[in-house]
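**Q** Take this sequence and fold it.
(2 chains)
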Amino acid sequence: MLAHLPILQVIVPLMAAPLCLFLTRPRLAWLFALIVSGLAFVISSLLLQQVMTSGTIIYELGGWDAPWGIEYRIDQLNAFLLLIISAISTVVLFAADTSIRQEIPAEKHTLFYVLYLLSLAAMLGIVATGDAFNVFVFLEISSLSAYALIALGKDRRALWASYQYLVMGTIGATFILIGIGLMYQMTGTLNMEDLSIRLPEVEQTRTVFTAFAFVIVGICLKLAMFPLHLWLPNAYAYAPSIVTAFFAATATKVAIYLLIRFTFSVYGFSFSFTHIPLQMLFVVLGLAGIFAASVAAIYQTNIKLLFAYSSIAQIGYMIVGFSVGTVAGLTATLLHVFNHALMKAALFLALGAVMYRIGGVRLTQFHGLGRQMPLTMAAIVMGGLSLIGVPLTVGFVSKWYLIVALIEKGWWPVALLILFGSLLAIVYVWRIVEAAYFKPVLAGTEIIKEAPLSFLIPIWTLVLANIYFGIDTRLSVQVAKAASQSLFGVSP
Amino acid sequence: MSLSLETMLQLSIILPLLATIGIVATGHKPDLREGVTIGTSLVLLYFVISLYQGLQLGESISVHWWELLPGLQISFSVEPLGMLFALIASFLWLITTVYAIGYMRSHQEQNQTRFYTCFAIAIGSVMGIAFASNLFTLFIFYEVLTLSTYPLVTHAGTEKAKRGGRIYLGILLSTSIVFFLLAIISTWFVAGTLDFKPGGVFDSDVNKLVAGTILVLFIFGIGKAAIMPFHRWLPAAMVAPTPVSALLHAVAVVKAGVFTVLKVCVFIFGIDLLALLPTTQFLLYLAGASILLASLVAMRQDNLKARLAYSTVSQLGYITMGALLATSAGVMGSSMHIATHAFGKITLFFCAGAILVAAHKSKISEMRGLGKQMPITMAAFFIASLSIIGVPPTGGTWSKWYLLMGTMEAEQHILMGILMISSLLNIAYLLPIPFHAFFSADKLSSSGGGIKEAPLPSLIALCVTTVGCVILFVYPQPLYELAKAILAT
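**A** Now for the predicted structure:
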């Protein structure tokens, strides 16, 4: 059984998705999805434990040897990602039943869970697989389910947001497919491990460069990296709250994973960082993303949109860490992947609770909320502090590592810019704080109660995780460091 | 009790934080709630005094909690400078609590439970700052202090309070995140450690330009030291209730700032290295400018609390300057000034609050003739003013004496001149207030008959701190010994 964990990780939710279709009672479907997601979480924890103690796990599908059959390859990097995805998915699902009752018509509830499981399975698949074409297949599954999930949003603009995402997402996926096709043409293999051996032989050809460019641009579209981020704000803002919480914490992280996997494992560090001016390009775009998106966030009046822009800014931090091109830089990026997932899941879930009670998340609707929903608002404040990077929260840990990495590299001005950029987070977080605690309740609104426990429990689990992993950094730092060391081929 | 000193050290940080539970739980019964606060502050004072005695006996007291990031520990230890700060803060917390009971009740303030809760957290983090044995631990509590005092600044909940809070948080968080954090990480990178060590952590052959830059980052980053141009948060914080201004913005928060400056100068750079850095001279003049400009601005303020706030900015400049002088007299003067200014300024704020509660006056121009109705308050104001100016029979004399010696030792004659001029300016903006109160006839209103002294708890508190000012002059021995021990360790 334990030997089959890599495939079970993906196949359990993938099989569960169609099965879920038979559960017409919404609550039953919810329970089923929750159990499946919980199972995925257990599997990923076991996998991570295994990887950390005994190294990379290689699993051959159907017993076919690697270059011919599909191979699942679990090392520290993807074990880490699998854990993040399945953990966030499970915690978020706790609140799903309550939340979608309010936001999605009853007849679509089962459908919602089917799509959710499908999307979970696809994300886990992208991360687990060691086959480039398999990546594309799962990417399509995840995108298609994402379009549908976003379109379920109550607001009619959700349809338009979903359509926008569909167009951009399809372009991205096509680019990746073209890239993979070109690589296949040059090397005759789709297995990533195999590709990494054969690509250097042909790396001076124009085709390989072209393939690299297609793959990277495609991934950056999925990543919502500035300036390819245009699909993200609306998609996050108008999707059902649960979907936003789930995607904000996981979807872009999967794309970051792909970026790291393709540049470091498949093409190799020397190709990606020395033959291509990726470093220069990414550090500039990363910084531009931080500033542009943070400034945009400041001017939003829809809080979901505000945090969506903040997500784009946070992606900027990950990109900057990535572009440093050192073990420390990559560690910072991976840490931020983990930490940002915790922050944004907590924040968007809390927004979901606000949505549940008030029916909207415009800034004016937050007036006086500090008194009416004290626990939810306290969670938003804690999440916001973590986003700013106050000590004893996870945000501080990632910032510390990022700055250390930048100084180590000698990029002082970038370090200073990053710190200035994080000031902008204070501004947009504090707009919400002031609205909630200093403005009187709007006249004529009815009395609003605190969010139900089904919201508060997962929200505060995530908030406490934000603090816990800000104090006890052993797990996150250890795994992130091990993963980035192995990507650089340094023995720990 | 048979608690070990190590336990007491940990409890002095944890206890105020634990007290918040008691304060919240008894929130609906004001008497009980304030009993919890006073009880906690008494116990805290007992702990700190026990630690002080331990230190006198030459015991080394230190505690390691856990490693937050590899190589970066949360740990605490007791050394003379931290001891000095902890003694002042814990003693004045007790006095301020007594004062606050009188003030908050007669002023009928809202949300008093939140007030006492945040106050306790703030004191807990001050203890954390005082006893931190490395820069990393200090930084964490520094940020907690900023955040826990924000609700106190915005206590009134008005538009003005919101604006004040915005400036307060904006400047303190910005400077600490951009400059202070960068300075800490750079120190970590260059020196490889963040522990406070006598003589500093940098190698003697460190690149002077890099170290000098880091010093600038530190001085700019420690926004709580309110060096110009990062001082705006302090006047903005004056929208808070007076006990907050008294303890936090005359003692705990600002002293946490200058304390950090002193710690960094003495235990991160070491005064030998400090004297060699190319940026020290520039920073000294910046502190000098801060002293003079803030005094000049203070003269123009008609609002008493605003005038006192600018006076604090100016006085904090003394301490920063003393630390940067990089001489033993300078460091001694600075650390003694932490104590003497604390007693003087808290008394002045207590008086301002008493006047506000009893006479409902906050403008200096309205305080003429008030000495007849509030003789005790105004007498206290007079004595405390003398301490700020630095003339006998008050404690301020000694610290100013050593600061002046420091400037002479370092042959900074311009700075010496600045200190002299500043003393004159202090006289000009402080003494007219009690003078007019006693000797000018009250022309503005004849309804002064109804004004009485402030409530008894407040009155007791301000008398205690006034007596403190005088005792520091008559019996400065303990203070002197502590200050002297800082460089001896």
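
**Q** Please tell me the pLDDT value assigned to residue 90.
**A** With no chain named, the answer covers chain A. Looking at A:Thr90, its pLDDT reads 93.

**Q** my bad, chain B
**A** For B:Ser90, pLDDT reads 90.

**Q** Enumerate every residue touching it.
**A** B:Ser12, B:Ser41, B:Leu44, B:Leu45, B:Phe47, B:Val48, B:Ile123, B:Met127 (CB atoms under 8 Å, 6 or more residues apart in numbering or on different chains). From N, CA and C alone the C-beta is placed, and that goes for glycine too.

**Q** Closest one to B:Asp31 out of those, please.
**A** Of all the contacts of B:Ser90, B:Ser41 has the smallest distance to B:Asp31: 15.9 Å, by CB to CB.

**Q** ok, back up a step: using JSON lines, lay out the contacts of B:Ser90 together with distance to chain A and secondary structure.
**A** As requested, the contacts of B:Ser90 are exported to JSON lines (distance: CB to the nearest CB, whole Å; DSSP: H, G, I helix; E, B strand; the rest coil):
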{"residue": "B:Ser12", "distance to chain A": "19", "secondary structure": "helix"}
{"residue": "B:Ser41", "distance to chain A": "25", "secondary structure": "helix"}
{"residue": "B:Leu44", "distance to chain A": "22", "secondary structure": "helix"}
{"residue": "B:Leu45", "distance to chain A": "27", "secondary structure": "helix"}
{"residue": "B:Phe47", "distance to chain A": "23", "secondary structure": "helix"}
{"residue": "B:Val48", "distance to chain A": "24", "secondary structure": "helix"}
{"residue": "B:Ile123", "distance to chain A": "18", "secondary structure": "helix"}
{"residue": "B:Met127", "distance to chain A": "16", "secondary structure": "helix"}
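
**Q** Please produce JSON lines containing those, extended by neighbour count, distance to A:Thr364 and pLDDT.
**A** JSON lines is the format used below for these (neighbours: other CB atoms under 10 Å in any protein chain shown; distance: CB to CB, whole Å; pLDDT from 0 to 100):
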{"residue": "B:Ser12", "neighbour count": "27", "distance to A:Thr364": "45", "pLDDT": "87"}
{"residue": "B:Ser41", "neighbour count": "25", "distance to A:Thr364": "42", "pLDDT": "88"}
{"residue": "B:Leu44", "neighbour count": "27", "distance to A:Thr364": "44", "pLDDT": "90"}
{"residue": "B:Leu45", "neighbour count": "19", "distance to A:Thr364": "48", "pLDDT": "90"}
{"residue": "B:Phe47", "neighbour count": "24", "distance to A:Thr364": "48", "pLDDT": "90"}
{"residue": "B:Val48", "neighbour count": "25", "distance to A:Thr364": "48", "pLDDT": "90"}
{"residue": "B:Ile123", "neighbour count": "31", "distance to A:Thr364": "37", "pLDDT": "90"}
{"residue": "B:Met127", "neighbour count": "31", "distance to A:Thr364": "41", "pLDDT": "92"}
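
**Q** Near chain A, which residues of the stretch 101-250 of chain B? Just list them.
**A** B:139-140, B:143-144, B:147, B:154, B:157, B:161-162, B:166, B:169-170, B:173-174, B:177-178, B:181-182, B:185-186, B:188-189 (CB under 8 Å from any CB of the partner chain).

**Q** what's near enough to touch the residue of the stretch 1-150 of chain B found nearest chain A?
**A** Closest contact between the stretch 1-150 of chain B and chain A, by CB to the nearest CB, is at B:Ile140 (4.2 Å). By CB under 8 Å, 6+ apart, the residues touching B:Ile140 are A:Pro391, A:Leu392, B:Leu68, B:Ile74, B:Gly128.

**Q** Kindly report the same for B:Leu44.
**A** B:Ser12, B:Leu15, B:Pro16, B:Ser90, B:Trp93, B:Leu94, B:Ile123, B:Met127.

**Q** in terms of contact, does the second one touch B:Ile121 like I think?
**A** No - the pair B:Leu15 / B:Ile121 is not scored as a contact, 11.6 Å apart, by CB atoms under 8 Å.
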